[in-house]
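Engineer: This is the structure alone, sequence omitted:
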């Protein structure tokens with residue numbers, strides 16, 4: 001085979017692979033899937049680059065719009081009928097609305113007339129391999145705005161970046177398998193809408209599978225139990241609404257501190273379970289320290305004021321040759337967490353047999 005023929009064959013292979021990824025994305029039900037840092041990073045960047053209070057990556061299924069990532073707005077899904085993205089979804093083209101109260105399609109929308117009272121909107125289509133619009137990248141504001149000449153191209157660049165992420169690797173293997181095997185109703189039962197993480201039930205399902213895989217292949221496995229220090233004081237001083245904001249923010253920071261293949265779950269109340277695959281104790285401890293550092297160094301700005309939070313973390317390891325059960329691993333991590341609390345909080349401790 002000549003060099004040109006080899007390059008042509010490689011191009012066809014890559015194109016086929018890309019098409020399969022697009023098809024897989026379109027067939028994957030995105031609803032009730034957990035936070036992923038690669039999408040959170042894009043919406044955070046959008047808020048800074050475009051000076052907007054809200055940025056989102058959304059996917060549409062039937063008559064609902066799912067917010068795969070949203071920064072600046074506490075929402076997980078909307079009926080398409082009340083979405084501000086209707087024109088983008090219908091036309092498959094970018095749309096900028098300088099003032100929603102002067103737009104015939106949006107002026108009576110409940111999101112415009114009532115909270116959060118959106119007055120500015122810009123959206124960019126996310127398309128599948130057939131060119132069908134299956135979602136949007138969008139930014140919004142609470143004041144009318146006439147954007148400069150760089151605004152539209154920046155929205156397009158970020159929209160293309162969001163689309164590329166959606167068409168690259170999907171969830172980590174364990175999480176992807178959980179999404180694939182469960183219908184939407186069962187997956188919803190394993191999803192925590194406040195933090196957008198798996199809940200305790202989902203976390204234990206993932207831990208059971210991760211531990212079975214580790215035993216089967218004799219791999220190492222680490223778990224971290226992380227607890228927000230003095231969280232009751234936050235609720236008592238600021239109220240439960242602010243407490244919920246702190247929980248959601250801490251969840252995002254934890255997701256941003258771990259590796260893409262690791263799983264983060266809301267284990268209960270203000271406690272989080274992190275499953276860290278195929279890792280040694282030292283590296284697992286470094287990830288846990290990164291989680292602590294991330295929370296400590298990022299005060300949470302809430303409507304009730306700035307709240308400083310810290311984490312106490314307990315680590316437990318499944319080392320090669322161990323025959324631990326999921327509950328045995330949890331007990332070790334829980335004892336290590338207790339040791340962190342007893343030693344003064346805002347620290348990492350490791351449980352040992």
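Structural biologist: Arrived safely, thanks for sending. For clarity, every value in this text was computed on a predicted model and none was experimentally measured.

Engineer: so where is the protein shaky, pLDDT-wise?
Structural biologist: By pLDDT under 70, the weakly predicted segments of the chain are 1-29, 168-174, 177, 180, 352-353.

Engineer: so what are the domain limits for it?
Structural biologist: When the chain is parsed into structural domains using automatic domain parsing, the resulting residue ranges are 7-166, 173-350.

Engineer: Export those as a markdown table, with columns for mean neighbour count.
Structural biologist: Just so you know, the C-beta spots here come from the backbone N, C-alpha and C atoms, and that holds for glycine as well. A markdown table is the format used below for these (neighbours: other CB atoms under 10 Å):
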| stretch | mean neighbour count |
| --- | --- |
| domain 7-166 | 17 |
| domain 173-350 | 18 |
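
Engineer: residue ranges of the helices in the stretch 251-353 of the chain, please?
Structural biologist: 281-296, 326-342 (DSSP state H, counting those that start in this stretch).

Engineer: In CSV: these, plus distance to residue 350.
Structural biologist: Converted to CSV, the helices of the stretch 251-353 of the chain look like this (distance: least, CB to CB, whole Å):
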stretch, distance to residue 350
helix 281-296, 6
helix 326-342, 6
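
Engineer: closest to residue 229 out of those helices?
Structural biologist: Comparing the helices of the stretch 251-353 of the chain by their distance to residue 229 (CB to CB), the top pick is helix 326-342, with 7.7 Å.

Engineer: what does that closest one rub up against?
Structural biologist: Counting contacts by CB atoms under 8 Å, 6 or more residues apart in numbering, the residues outside helix 326-342 that touch it are 204, 207-208, 211, 221, 223-227, 229, 273, 312-316, 318, 324, 347-353.

Engineer: Repeat that for stretch 285-300.
Structural biologist: Where contact means CB under 8 Å, 6+ apart, the residues beyond stretch 285-300 that reach it are 224, 226, 228, 245-246, 249-250, 253-254, 256-259, 262, 274, 276, 279, 306-311, 313, 315, 346-348, 350.

Engineer: again, but for stretch 95-110
Structural biologist: Surrounding stretch 95-110, the residues in contact under the criterion CB under 8 Å, 6+ apart are 82, 84, 86-88, 112, 118-123, 144-147, 151-152, 155.

Engineer: Show me these that map onto strands.
Structural biologist: Using DSSP state E, the members of those that fall in strands are 120-123.

Engineer: Can you add distance to residue 132 and give the residues you listed back as a markdown table?
Structural biologist: Formatted as a markdown table, the ones in strands among the contacts of stretch 95-110 follow (distance: CB to CB, whole Å):
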| residue | distance to residue 132 |
| --- | --- |
| 120 | 27 |
| 121 | 22 |
| 122 | 21 |
| 123 | 16 |
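
Engineer: Among those, which pair sits farthest apart?
Structural biologist: Looking at the ones in strands among the contacts of stretch 95-110 by CB to CB, the two members farthest from one another are 120 and 123, with 11.2 Å of separation.

Engineer: hey, what's in contact with both of the two?
Structural biologist: Joint contacts of residue 120 and residue 123 (CB under 8 Å, 6+ apart) do not exist.

Engineer: Residue 163 - nearest residue in space that isn't next to it in sequence?
Structural biologist: The spatial neighbour of residue 163 that comes closest, neighbours along the chain excluded (CB to CB, 6 or more residues apart in numbering), is residue 126 at 4.7 Å.
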